[in-house]
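Novice: Give me the fold of what follows.
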Amino acid sequence: MNERLEAIVSGRVQMVMYRDFTARFARRLGLVGEVKNLSDGTVRVIAEGSREKLERMQPRLRRGSLLSRVDDVALSWLPASGGYTSFDITYD
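Specialist: Numbers count the residues shown, from 1 in each chain. Down below sits the predicted model:
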């Protein structure tokens, strides 16, 4: 049974390849969802897949890309929506 992990990541996470870093790892795990910059300077991650794979994603969200500095990751666990078919970087 798939689950959904939603995360709001704060710190220096925009303009430092954080979204690309996150998307590449999520794709490697076979997760679906999206990663997006928010107007307040945070990044929102929505990932769906098995609990085991989502738990493997958590340390990566906290570590971030080489140039980023992650100060906080607020996590929420929900049932998967099933609305995603790939893992994408989304833009407004």
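Novice: And the strands in the protein, which stretches?
Specialist: Applying DSSP state E to the chain gives strands spanning 3-12, 32-37, 43-49, 69-79, 87-90.
Novice: so residue 25 touches residue 58, yeah?
Specialist: No - using Cβ atoms under 8 Å, residue 25 is not in contact with residue 58; the gap is 11.0 Å. Any C-beta I mention is one placed from the backbone N, CA and C, and that applies to glycine too.
Novice: between the two, which one's more packed in?
Specialist: residue 25 (17 against 14; other Cβ atoms under 10 Å).
Novice: who's in contact with the more buried one?
Specialist: 57, 60 (Cβ atoms under 8 Å, 6 or more residues apart in numbering).
Novice: now do the one 10 residues further on
Specialist: The contact partners of residue 35, by Cβ under 8 Å, 6+ apart, come to 18-19, 22-23, 26, 43-46, 87-90.
Novice: With distance to residue 78, neighbour count and pLDDT added, can I get those residues in JSON lines?
Specialist: Shown next, in JSON lines, are those (distance: Cβ to Cβ, whole Å; neighbours: other Cβ atoms under 10 Å; pLDDT from 0 to 100):
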{"residue": "18", "distance to residue 78": "22", "neighbour count": "25", "pLDDT": "98"}
{"residue": "19", "distance to residue 78": "21", "neighbour count": "25", "pLDDT": "98"}
{"residue": "22", "distance to residue 78": "18", "neighbour count": "28", "pLDDT": "98"}
{"residue": "23", "distance to residue 78": "20", "neighbour count": "21", "pLDDT": "98"}
{"residue": "26", "distance to residue 78": "16", "neighbour count": "29", "pLDDT": "98"}
{"residue": "43", "distance to residue 78": "18", "neighbour count": "24", "pLDDT": "98"}
{"residue": "44", "distance to residue 78": "13", "neighbour count": "16", "pLDDT": "98"}
{"residue": "45", "distance to residue 78": "13", "neighbour count": "25", "pLDDT": "98"}
{"residue": "46", "distance to residue 78": "9", "neighbour count": "22", "pLDDT": "98"}
{"residue": "87", "distance to residue 78": "17", "neighbour count": "24", "pLDDT": "98"}
{"residue": "88", "distance to residue 78": "19", "neighbour count": "16", "pLDDT": "98"}
{"residue": "89", "distance to residue 78": "21", "neighbour count": "13", "pLDDT": "98"}
{"residue": "90", "distance to residue 78": "18", "neighbour count": "13", "pLDDT": "96"}
